[in-house]
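Peer 1: Structure for this input, please:
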Amino acid sequence: MTAPRFSDRLPPQASANAIALEVAGLRSAGVPFADLTASDPTTAGLSYPADLLAGLADPGGLIYQPQPRGRYAARAAVARDCARRGAVVDPEQVILSASTSEAYSWLFKLLCNPGERVLVPRPSYPLFEHLTRLEGIETSPYDLEYHGRWAIDFARVESAPADTRAVLVVSPNNPTGSYIARREWARLSAMARARGWAIIVDEVFADYPLEADDTPTDLAAAADVLTFTLGGASKSLGLPQVKLGWMVVGGPDGARHAALDALELIADSFLSVGTPVQVAAAGLLARAAAIREQIHDRVRHNLAWARTAVAAHPACEMLRADGGWTAIVRIPATRGEEAFVLDLLRRERVLVHPGYFFDLPHEAYVVVSLLPPAAVFADAFARMLQLADA
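Peer 2: Alright, predicted model coming up:
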């Protein structure tokens, strides 16, 4: 029997690395450990109203009236929510998706022919290589360099290949916590205008500033080049399970309207957003402030504690983070990152990410989530620092 042949777009099925195997072994054996990689707010000990999801049972969800861009009432709720940050957004600029990952997929379909490419930041979350490959397009990295704060290496952007169609910005970035600064945004916009690029801005963590002092958000709202900003319920509402994402399309009128019409066609081919969550969207967005406040308080508290703890360990350094839920700690490069993470897990029962997971430029770094409960975070983080010093 001939074996099935799968598409070359499918990312390689890499075998589990040593860290994943160690974690799987501990879970299989029922051995508890402190997870400083946890990023799911629904399991982080936060207080959610018991009736928060009651809107999903609204009888309006029983009526199926598909609208490719999303129900107008839900898009209007997203537009009103953008006003919290001072952005003026017309509901007609909003398109709903089931997730930001799906929004990326639609945008890659819109902007790129097979084999063309997008620029992606490095370091960043290891998602874009899979999403682009599944769409049959290529990526080229541009670096974020750290000199007391993170900044775009524009030399890499300027040397982009001729088949580049878009540049992707994550603001604030995961894991660096860096926003794009206003001067960087102006320079990048000018380059995009000159080269005919679109800009995709992932702003899923925009509601969680930490110490940012030059941080434009909702960039599509006032963009003068074709720009798409992405957000979603996973971070803004602390509800990854409701599966609701959105994009705001901005830029010159002609380009914006053409992009919206094309995206409507793409969205109509999938009709992925559930009616119940669209009916509930206005209520969920209105009640999300209490959840965001808890997340924000938790993240800021853990970051402040971590900075104080690192100050007592001169061999380690806490890198600046302007927003988001993650922090990066430079540790002594006396052994490889994977060896350190495995040792920490085996000896102290603490799990952290190695820096190479996010394409950090060299060893040795660890990346931690700031979302765990304060007591869990403080104990696990302290034990990590002690091992790093040993």
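
Peer 1: can you tell me the distance between the two ends of stretch 87-106?
Peer 2: 24 Å (Cα to Cα, to the nearest Å).

Peer 1: How about stretch 8-18?
Peer 2: Using Cα to Cα, the two ends of stretch 8-18 sit 26 Å apart.

Peer 1: Just the mean pLDDT for that stretch, thanks.
Peer 2: Averaging pLDDT along stretch 8-18 gives 80.

Peer 1: can you check stretch 208-225 too?
Peer 2: Stretch 208-225 shows a mean pLDDT of 88.

Peer 1: Which parts of the protein are helices?
Peer 2: Assigned by DSSP state H, the chain shows helices spanning 18-29, 72-82, 100-111, 128-134, 154-158, 182-195, 233-236, 253-268, 275-311, 337-348, 374-389.

Peer 1: Burial-wise, tell me which of the ones you listed comes out on top.
Peer 2: helix 233-236 (a mean of 24; mean count of other Cβ atoms under 10 Å). (Each C-beta comes from the backbone N, C-alpha and C, glycine too.)

Peer 1: Contacts only, for A57.
Peer 2: By Cβ atoms under 8 Å, 6 or more residues apart in numbering, the contact set of A57 is P276.

Peer 1: gap between it and P209?
Peer 2: Note on A57: its distance to P209, by Cβ to Cβ, to the nearest Å, is 34 Å.

Peer 1: rewinding a little: could I get the helices of the chain as JSON lines with distance to D202?
Peer 2: Shown next, in JSON lines, are those (distance: least, Cβ to Cβ, whole Å):
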{"stretch": "helix 18-29", "distance to D202": "25"}
{"stretch": "helix 72-82", "distance to D202": "15"}
{"stretch": "helix 100-111", "distance to D202": "7"}
{"stretch": "helix 128-134", "distance to D202": "10"}
{"stretch": "helix 154-158", "distance to D202": "17"}
{"stretch": "helix 182-195", "distance to D202": "14"}
{"stretch": "helix 233-236", "distance to D202": "10"}
{"stretch": "helix 253-268", "distance to D202": "17"}
{"stretch": "helix 275-311", "distance to D202": "18"}
{"stretch": "helix 337-348", "distance to D202": "25"}
{"stretch": "helix 374-389", "distance to D202": "25"}
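
Peer 1: quick one: low-confidence parts of the protein?
Peer 2: Regions of the chain meeting the criterion pLDDT under 70 cover residues 14-15, 212-214.

Peer 1: State the number of residues packed around the nearest residue to A160 once chain neighbours are set aside.
Peer 2: Nearest in space to A160, with sequence neighbours left out and distances taken as Cβ to Cβ, 6 or more residues apart in numbering, is L119 at 5.6 Å. When neighbours are counted by other Cβ atoms under 10 Å, L119 registers 23.

Peer 1: Any idea what L119 is bridged to?
Peer 2: S140, V167 (DSSP bridges).

Peer 1: check contacts around it.
Peer 2: 139-142, 157, 160, 164, 166-168.

Peer 1: What separation is there between C82 and A73?
Peer 2: C82 is 15 Å from A73, by Cβ to Cβ.

Peer 1: re earlier: generate a ChimeraX selection restricted to the buried subset of the contacts of L119.
Peer 2: With 16 or more other Cβ atoms under 10 Å as the criterion, this ChimeraX line picks the buried residues out of the contacts of L119:
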select :139,140,141,142,157,160,164,166,167,168
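
Peer 1: can you redo the contacts of L119 as a markdown table with distance to G30?
Peer 2: Formatted as a markdown table, the contacts of L119 follow (distance: Cβ to Cβ, whole Å):
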| residue | distance to G30 |
| --- | --- |
| T139 | 40 |
| S140 | 45 |
| P141 | 40 |
| Y142 | 44 |
| V157 | 49 |
| A160 | 50 |
| T164 | 49 |
| A166 | 46 |
| V167 | 46 |
| L168 | 41 |
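
Peer 1: which one of the contacts of L119 is nearest V279?
Peer 2: For those, the closest approach to V279 (Cβ to Cβ) belongs to L168, at 31.7 Å.

Peer 1: returning to what we had before: right, so of the helices of the chain, which gets closest to L46?
Peer 2: Using Cβ to Cβ, the nearest of the helices of the chain to L46 is helix 275-311, at 4.8 Å.

Peer 1: Check the offset of the closest one from the chain's centre.
Peer 2: Distance, stretch centre to chain centre, for helix 275-311: 14 Å (Cα atoms, centre = their mean, to the nearest Å).

Peer 1: Can you spell out which helices and strands pack onto that helix?
Peer 2: helix 72-82, helix 233-236, strand 317-318, strand 326-330, helix 374-389 (3 or more Cβ pairs under 8 Å, 6 or more residues apart in numbering; DSSP states H and E).

Peer 1: go again using 10 Å as the cut-off
Peer 2: Judged by 3 or more Cβ pairs under 10 Å, 6 or more residues apart in numbering; DSSP states H and E, the packing partners of helix 275-311 are helix 72-82, strand 94-97, helix 233-236, strand 317-318, strand 326-330, strand 365-369, helix 374-389.
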